[in-house]
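> pasting the sequence and the predicted model now:
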Amino acid sequence: MKRSEFIKIVKEGILAIPKKFREQFSNIEIVVEENPSSEQMKRLNLSPDSLLFGLYEGVPRTKRGMGYSMVLPDKITIFQKPIEQAAGESKERIKQIVKNTVYHEIAHHFGTNEERIRQIEIRRNNRQS
């Protein structure tokens with residue numbers, strides 16, 4: 001898939017986040033990269049053949065205190081190639097993975113831990129089935 005088309009899908013995934021949450025985004029940048037770097041994979045203790053769809057790097061809103069100023073934006077990276085690899089040729093599957101990944105990483109921005117996000121995802125997937 002062309003990068004421009006993938007970026008459009010990511011933007012759609014961002015717009016799928018309810019407006020009340022999008023309006024609360026603070027000091028955050030969402031970018032697309034082809035693949036995670038070897039440093040990112042090492043930091044997460046992932047093997048080189050693991051599929052990482054997205055990554056949140058920053059200070060969650062719940063941990064920002066009075067001294068939170070003059071800092072670089074939080075960064076959410078969506079990784080195109082692993083998503084395409086998992087989705088195969090299905091554009092609809094790519095859209096679904098991107099939407100879920102954006103949702104997952106935004107939840108980290110708001111301070112939700114990995115375990116809680118996984119519980120929410122299971123409930124959401126069960127309702128969609």
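Received, thanks. The shown structure was predicted, so the numbers you read here are calculated from the model rather than taken from an experiment.
> contacts only, for E33.
Residues in contact with E33 (C-beta atoms under 8 Å, 6 or more residues apart in numbering) are T77, I78, F79, Q80. (Each C-beta comes from the backbone N, C-alpha and C, glycine too.)
> could you rerun that using 6 Å?
T77, F79 (C-beta atoms under 6 Å, 6 or more residues apart in numbering).
> show me what it is bridged to.
F79 (DSSP bridges).
> all strands of the chain, in order?
28-33, 54-57, 74-79 (DSSP state E).
> could you list the paired strands of the shortest one along with their orientation?
Just to be clear, that refers to strand 54-57. strand 74-79 (antiparallel).
> CA atoms only: put the partner strand into PDB for me.
Below are the C-alpha coordinates for strand 74-79, written out as PDB (Å, rounded to 0.1, in the frame of the first residue of the first chain):
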ATOM      1  CA  ASP A  74       4.500  12.700  23.300                       C
ATOM      2  CA  LYS A  75       4.900  10.500  20.200                       C
ATOM      3  CA  ILE A  76       2.600   7.800  18.900                       C
ATOM      4  CA  THR A  77       4.100   5.800  16.100                       C
ATOM      5  CA  ILE A  78       2.000   3.600  13.800                       C
ATOM      6  CA  PHE A  79       4.100   1.000  12.000                       C
END
